[in-house]
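1. Quick check, what structure comes out for this input:
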Amino acid sequence: MTTIIIIGFIQAFFFAVLALTKKKKEVADYILAALFLILCFQLGVNYVMVTEKYREALPHLIGTAGPMSLLYGPLLFFFIKNFISEKHKFKPKHLLHFVPFIADYIDGSIKFYNQSGQEKIQDLIEIMNGQPDADLAVFLLIRSIHPIIYCIWSIDVLRVHRKNLFRLYSFTSEKLKLEWLWYLTWSMFVVGVSAFILNVIIVFFDVADWVQLRMIILVIAALWVFFLGYYSIKKTPFYRSYHIDGIDTLDFDKILKQPEKYEKTKLKEEEVPGLKKKLLDFLVQEKPYLNNSLSIGELAESIDIPTYQLSQLINDKLGKSFFELINSYRVDEVKQRFFDPKYSNLTLLGIAMECGFNSKASFNRIFKQLTNQTPTEYIKTKKAA
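-> From the prediction side, this is the model:
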């Protein structure tokens, strides 16, 4: 276990340096570097605490890393929001998320940090023997629960992002859905729950060896360092990879919650018939849906309609999402080409790919959703008719 903790400590420092030395750094990279440095410090300090010879030599490190557990949740939350949208920048009001961390450190400064080295070691031994004071027990529980709450909050942000992808994009992919961020957030949730359970055992039950349980927590944290580094260090922020001017997936919930702020951008009823005709004519004549990575921003630019108004037109007036609209045209195009001699040299998949689909799986799924038949069943039915 000791080897894993040391490797985790080195990896955390290495990944932090890597994030800070990227040529094109985003705010998300600085948040990521902060996460790695906190993990590095916590692994180092906690290793000192569980190793007798080191805590005797460095007693004033005892307790310094504990409050930093209250930083993981806010940093992950801001990392995810900033990664999805460049609009979601840090504001002074966001400092409220760090109040628990500051309160924990102030409490420690008053009651613990000004003690002598021997007094700190004695307090640690009491905790190891299952005799922490009430204040410390409360803070240990808060430190354990706090990241779990933020993980739930972060999962909700990712859910909103995934739900609104269909309003903006005509295709799906793991990169578009940010699957790796789901894995990262759920892994932190598992780490948080594991740490909470082990801390409860450490604080309230004299049923196991304190050092061994603490070592297990450190090993879990060290493994998460590798997981965090593997999934995040080379990723390009979503807003740069799939940029749409003026709107992003997190905007829609704001619009629903505060519609009065967006009143000026709403479609006027008298404009709807003309814009609807303009859109549908363009789809039939220019066939933009053949572009397999078509976004609502590209379509809006092509027909000279503001992106948000085009989204309103499709969702509210046509009763479909952008994804549904574009893929319905793709399916219709595929159905026509199935029986066109000009495309007889292509396979079913070849025709699908030329009509804007990205993969066999997505083509088969969408085709069946819209026709209640697989492509093969559809062709057989038409030939038999």
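2. the bottom helix or strand of the protein by mean pLDDT?
-> helix 251-257 (a mean of 64; mean pLDDT, DSSP states H and E).
3. residues near residue 48, how many?
-> The tally of other residues near residue 48 (other CB atoms under 10 Å) stands at 20. For glycine as for every other residue, the C-beta is placed from the backbone atoms N, C-alpha and C.
4. that older thread, report the mean confidence score over the following helix or strand past the least confident helix or strand of the chain.
-> Next helix or strand after helix 251-257 toward the C-terminus (DSSP states H and E): helix 272-286. Rounded to a whole number, the mean pLDDT of helix 272-286 is 94.
5. Could you list the buried residues of helix 272-286?
-> 275, 279, 283 (16 or more other CB atoms under 10 Å).
6. Dump those to TSV, plus distance to residue 236.
-> TSV is the format used below for the buried residues of helix 272-286 (distance: CB to CB, whole Å):
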residue	distance to residue 236
275	34
279	31
283	30
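7. Could you point out which of these is nearest to residue 171?
-> Taking CB to CB as the measure, residue 171 lies nearest residue 283 of the buried residues of helix 272-286, at 16.2 Å.
8. Is that closest one in contact with residue 294, as I believe?
-> No - if you go by CB atoms under 8 Å, residue 283 and residue 294 don't touch, sitting 10.6 Å apart.
9. which residues are contacting the helix or strand in which residue 11 is found?
-> Per DSSP H and E: residue 11 is located in helix 2-20. Contacts of helix 2-20 with the rest of the structure, by CB atoms under 8 Å, 6 or more residues apart in numbering, involve 25, 29-30, 32-33, 36-37, 39-40, 43-44, 47, 215, 218-219, 221-223, 225-226, 228-229, 233.
10. Give me the buried positions along the helix or strand that it is followed by.
-> On the C-terminal side of helix 2-20, the closest following helix or strand by DSSP H and E is helix 27-50. Of the residues in helix 27-50, those buried by neighbour count under the rule 16+ other CB under 10 Å are 27-29, 31-50.
11. Ramachandran angles for the residue nearest the centre of the chain?
-> Nearest residue to the geometric centre of the chain (CA atoms, centre = their mean): residue 181, 3.8 Å. Backbone torsions of residue 181, given as degrees, to the nearest 10, read phi -70, psi -30.
12. where does it land on pLDDT?
-> 91.
13. And residue 156, by the same measure?
-> Reported pLDDT for residue 156: 94.
14. Tell me how far it lies from residue 164.
-> Going from residue 156 to residue 164 by CB to CB, to the nearest Å gives 13 Å.
15. What of residue 75?
-> 24 Å.
16. Residue 156 and residue 164: which is more packed in?
-> Legend: neighbour count by other CB under 10 Å for residue 156 and residue 164, higher for residue 164 (19 against 12).
17. pLDDT score assigned to that one?
-> pLDDT at residue 164 comes out at 89.
18. Contact partners for it?
-> Contacts of residue 164 were listed using CB under 8 Å, 6+ apart, and they are 249, 250, 251, 252, 253.
19. what's it sitting at in phi/psi?
-> phi -90, psi 0.
20. swap in residue 249?
-> According to degrees, to the nearest 10, residue 249 has phi -60, psi -30.
21. For residue 293, see how far away it is.
-> For residue 249, the distance to residue 293 equals 16 Å [CB to CB].
22. who's more crowded, those two?
-> Taking neighbours as other CB under 10 Å, residue 249 and residue 293 compare with residue 249 leading, 26 against 13.
23. so what's the more buried one up against?
-> Residue 249 neighbours (CB under 8 Å, 6+ apart): 84, 85, 160, 161, 162, 163, 164, 165, 167, 168.
24. switch the cut-off to 10 Å
-> By CB atoms under 10 Å, 6 or more residues apart in numbering, the contact list for residue 249 reads 84-85, 157-158, 160-169, 176, 178, 238-239, 242.
25. Then residue 294?
-> Neighbours of residue 294 in contact, by CB under 10 Å, 6+ apart: 169, 170, 171, 288, 302, 322, 326, 330, 356.
26. So which residues of this structure form strands?
-> Under the criterion DSSP state E, strands are not mapped anywhere in the chain.
27. on that earlier part again, any idea of the angle the helix holding residue 11 forms with helix 27-50?
-> Counting by axes from the mean of the first three to the mean of the last three CA atoms, to 10 degrees, helix 2-20 lies at 160 degrees to helix 27-50.
28. how many neighbours does the residue lying closest to residue 226 once chain neighbours are set aside have?
-> Leaving out its chain neighbours, the residue that sits closest to residue 226 by CB to CB, 6 or more residues apart in numbering is residue 11, at 6.0 Å. Residues contacting residue 11 under the criterion other CB under 10 Å number 20.
29. do the same with residue 200
-> Residue 200 is flanked by 14 other residues according to other CB under 10 Å.
30. got it, and residue 306?
-> By the criterion of other CB under 10 Å, residue 306 has 15 neighbours.
31. tell me the contacts of it?
-> Residue 306 makes contact with 245, 246, 247, 265, 267, 300, 312, according to CB under 10 Å, 6+ apart.
32. Let me see the backbone angles for it.
-> Dihedral angles (degrees, to the nearest 10) for residue 306: phi -60, psi 140.
33. where does it land on pLDDT?
-> The model's pLDDT for residue 306 equals 86.
34. I'd like the numbering to begin with 663 instead of 1 from here.
-> Sure, I'll start numbering at 663, so the last one becomes residue 968.
35. With that, I have no additional questions.
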